[in-house]
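Undergrad: next input, structure requested:
(one chain, ligands or ions: 2)
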Amino acid sequence: MAVSETIACPAAPQQIDLDRCVHCGLCLNACPTYRELGLEMDSPRGRIYQMVGVANGAPITPSYLEHIGLCLACRGCESACPSGVQYGRLVEDARAQIEQRVKRGWLAARLRRFVFVRLLESRAALTVAGTLLYLYEASGLKALLRGVASLKLLGRLGDLAQLAPSAEPPFFFSQIGRTFPAQGNPRRRVAFLAGCIANVSFARLNEATVRVLQRNGCEVVIPEGQGCCGALHVHAGLREEARKLARRNIDAVLGGGFDAIITNAAGCGSTLKEYGELLADDPDYAEKARAFSALMRDVTEFLASVDLNPEMGAVNAAVTYQDSCHLAHGQKVRSAPRQLLAAVPGLEFREMPSSDICCGSAGVYNVAQNQMAMQILARKMQSVNACGAQIVATANPGCMLQLQAGVRLHGSGQRVMHVVEILDLAYKNHAR
Ligand code: SF4
Ligand code: SF4
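TA: Numbers count the residues shown, from 1 in each chain. Ligands and ions are numbered 1, 2, ... in the order given. All right, here's what the predicted structure looks like:
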């Protein structure tokens, strides 16, 4: 990447945010990259030092790009910081600044535009990609590649083959625009945001989420006009693209008379709850964005706040829970998923060590920074294996993909499930 120092740069880490850091170092042990590398430059404090340098006129160097790029934006440091440093905002601002000042090569720029604009924002493109993925799986090529990959013969390509999502036809796009009635007495009316890639790769999880909400007295509307939430765009520094997507979702949902807007993806939820900040300077949308964010709930947070329907059958297994970073650190939701798991008869909960340290998924991080992501995953799997649970529960589709790869590479046959999938199973077991 070439660096330009001449372009005006309105996006940048704000001095007021940088000044909050008192350099105490209490965040270091919460940082997955510092735990792996032991390097100050790859710690939250070290990255803040580097951002301060750039804010004071230092050039954006390849070294700066490397250390900011290696950050997972997991916000583990935010939870650990006693001074209230908003590290997530700092790293997003740093990436937005990089996006504006650093010129990418022709191919990298085209590829980025294709993924973030052409693919994630278009139902048609995602459907085509999902169909191609399905054909790749049905041909047996995926199983073959994963088999060879498990022999460690393919290096990085093998790791990427392990991480590739599956296609789950029929895709959930066909449900968008529908309304699902509450079971029993209708108590709430909620909107469900189905995501972008999740419509293709987590269609069954989305269906399970709707069923569990119905069983808990919710009329579930899947509003027409919704689309990608823009979380991946924000994390990549593409703020303007994210704002366009936020406006689209606000127009699709707000005014529908909903008691809550629900997501089952912690990574998306974190950004959806921050639409108010993202559009704070937009005179037409600032107010609407704040109203939208105030209604946003992670599905686990929502279900833990209602009188949970107790008509569940037993799920006889030991379960552990991997905190999704953007739920635990981004949204400060830690107890709700554990509370729901505790409500399932037969389920034995086993806390794993360091459950709130990132698994290495982090949006597209496991593809873009594959080596570090796989190193972090290997360490995570030591914790998973140590607790001896048969089910690894989590609350984010991206974490599920990463943990599934972890089980294939380092595990002992554990089943990776979203918390709502476990509830769905318990409700089904009751009906049997
Ligand atoms: S980010 Fe917070 S915890 Fe880390 S060095 Fe700065 S003040 Fe200390
Ligand atoms: S966001 Fe995560 S990876 Fe980045 S500095 Fe903080 S703890 Fe480390």
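
Undergrad: can you pull the contacts of whatever residue of the stretch 51-200 of the chain ends up closest to ligand 1?
TA: Residue nearest to ligand 1 within the stretch 51-200 of the chain (Cβ to the nearest ligand atom): Cys81, separated by 3.1 Å. C-beta here means a position set from N, CA and C on the backbone, and glycine is covered the same way. By Cβ atoms under 8 Å, 6 or more residues apart in numbering, the contact set of Cys81 is 21, 26-27, 44, 87.

Undergrad: rerun at 10 Å
TA: Listed by Cβ atoms under 10 Å, 6 or more residues apart in numbering, the contact set of Cys81 reads 20-22, 24, 26-27, 30, 44-45, 75, 87.

Undergrad: can you narrow those to ones near ligand 2?
TA: Intersecting these with the contacts of ligand 2 gives 30, 44, 75, 87 (criterion: Cβ under 6 Å from any ligand atom).

Undergrad: need the pLDDT of the residue in the stretch 101-250 of the chain that ligand 1 sits nearest to.
TA: Nearest to ligand 1 in the stretch 101-250 of the chain, going by Cβ to the nearest ligand atom, is His235, at a distance of 18.9 Å. As predicted, His235 sits at a pLDDT of 86.

Undergrad: tell me how many other residues surround it.
TA: Residues lying near His235 (other Cβ atoms under 10 Å) number 24.

Undergrad: that one contacts Gly267, doesn't it?
TA: Yes. Counting by Cβ atoms under 10 Å, Gly267 is a contact partner of His235 at 8.4 Å.

Undergrad: overlap of the contact sets of these two?
TA: Shared contacts of His235 and Gly267 (Cβ under 10 Å, 6+ apart): 73, 326, 362-363.

Undergrad: just among these, which is most surrounded?
TA: His326 (31 neighbours).

Undergrad: I'd like to know which of the shared contacts of His235 and Gly267 are part of strands.
TA: Judged by DSSP state E, strands contain none of these.

Undergrad: could I get these as a markdown table with distance to Arg146?
TA: As requested, the shared contacts of His235 and Gly267 are exported to a markdown table (distance: Cβ to Cβ, whole Å):
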| residue | distance to Arg146 |
| --- | --- |
| Ala73 | 28 |
| His326 | 28 |
| Ala362 | 22 |
| Gly363 | 22 |
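
Undergrad: picking up where we left off before, out of the contacts of Cys81, which end up buried?
TA: With burial judged by 16 or more other Cβ atoms under 10 Å, the buried subset of the contacts of Cys81 is 21, 27, 30, 44-45, 75, 87.

Undergrad: cross-check those against ligand 1 and keep the overlap.
TA: For ligand 1, the contacts drawn from these by Cβ under 6 Å from any ligand atom are 21, 27, 44-45.

Undergrad: still on that earlier bit, ok, and of the shared contacts of His235 and Gly267, which contact ligand 2?
TA: Counting by Cβ under 6 Å from any ligand atom, Ala73 from the shared contacts of His235 and Gly267 sit close to ligand 2.

Undergrad: which member of the shared contacts of His235 and Gly267 is positioned nearest ligand 1?
TA: Using Cβ to the nearest ligand atom, Ala73 is the member of these that lies nearest ligand 1, at 14.1 Å.

Undergrad: show me what from the stretch 1-150 of the chain comes close to ligand 2.
TA: Residues of the stretch 1-150 of the chain lying close to ligand 2 (Cβ under 6 Å from any ligand atom) are 30-33, 44, 47, 71-77, 87.

Undergrad: of those, which belong to strands?
TA: Of these, none are assigned to strands by DSSP E.

Undergrad: thinking again about what came up before, so who does the residue of the stretch 101-250 of the chain closest to ligand 1 touch?
TA: For His235, the contacting residues are 71-73, 88, 91-92, 95, 242, 267, 270-271, 326, 362-365, by Cβ under 10 Å, 6+ apart.

Undergrad: please pick the buried ones from the residues you listed.
TA: By 16+ other Cβ under 10 Å, the contacts of His235 give 71-73, 88, 91-92, 95, 242, 267, 270-271, 326, 362-363, 365 as buried.

Undergrad: closest to Leu377 out of the residues of the stretch 1-150 of the chain next to ligand 2?
TA: Pro32 (10.1 Å; Cβ to Cβ).

Undergrad: give me the three-state assignment for the residue nearest the centre of the chain.
TA: Most central in the chain under Cα atoms, centre = their mean is Gly267, positioned 2.6 Å from the mean C-alpha point. Classification of Gly267 using DSSP: H, G, I helix; E, B strand; the rest coil returns helix.

Undergrad: need the contact list for the residue lying closest to it once chain neighbours are set aside.
TA: Leaving aside its chain neighbours, Gly267 sits nearest to His326 (4.7 Å; criterion: Cβ to Cβ, 6 or more residues apart in numbering). For His326, the contacting residues are 73-75, 88, 231, 235, 265-271, 273, 298, 333, 358, 362-363, 395-396, 398-399, by Cβ under 10 Å, 6+ apart.

Undergrad: just the ones in helices from those residues, please.
TA: Here DSSP state H is the test, and these give 88, 231, 235, 266-271, 398-399 as lying in helices.

Undergrad: looking at the residues you listed, which one is closest to ligand 1?
TA: Ranked by distance to ligand 1 (Cβ to the nearest ligand atom), those are led by Gly88 at 11.5 Å.

Undergrad: residue ranges with poor pLDDT in this structure?
TA: Within the chain, the segments meeting pLDDT under 70 span 1-10, 148-157.

Undergrad: show me what the top helix by length along the chain is packed up against.
TA: Using DSSP H to define each element, the chain has its longest helix at helix 370-387. If contacts are counted by 3 or more Cβ pairs under 10 Å, 6 or more residues apart in numbering; DSSP states H and E, helix 370-387 sits against helix 32-37, helix 155-163, strand 317-321, helix 365-368, strand 391-394, helix 397-410.

Undergrad: right, and ligand 2 sits closest to which residue of the stretch 201-350 of the chain?
TA: For the stretch 201-350 of the chain, Cβ to the nearest ligand atom, closest residue to ligand 2: Cys325, 7.4 Å.

Undergrad: ok, and what's touching the helix or strand hosting Met417?
TA: Element membership for Met417 (DSSP states H and E) is strand 415-418. Strand 415-418 has contacts (Cβ under 10 Å, 6+ apart) with 202, 204-205, 208-209, 264-266, 299-300, 315, 317, 319, 322, 324, 337, 384, 389-397, 399-407, 421-425.

Undergrad: out of those residues, which are buried?
TA: When neighbours are counted using 16+ other Cβ under 10 Å, the contacts of strand 415-418 contain these buried positions: 202, 205, 208-209, 264-266, 299-300, 315, 317, 319, 322, 324, 337, 384, 389, 391-397, 399-407, 421-425.
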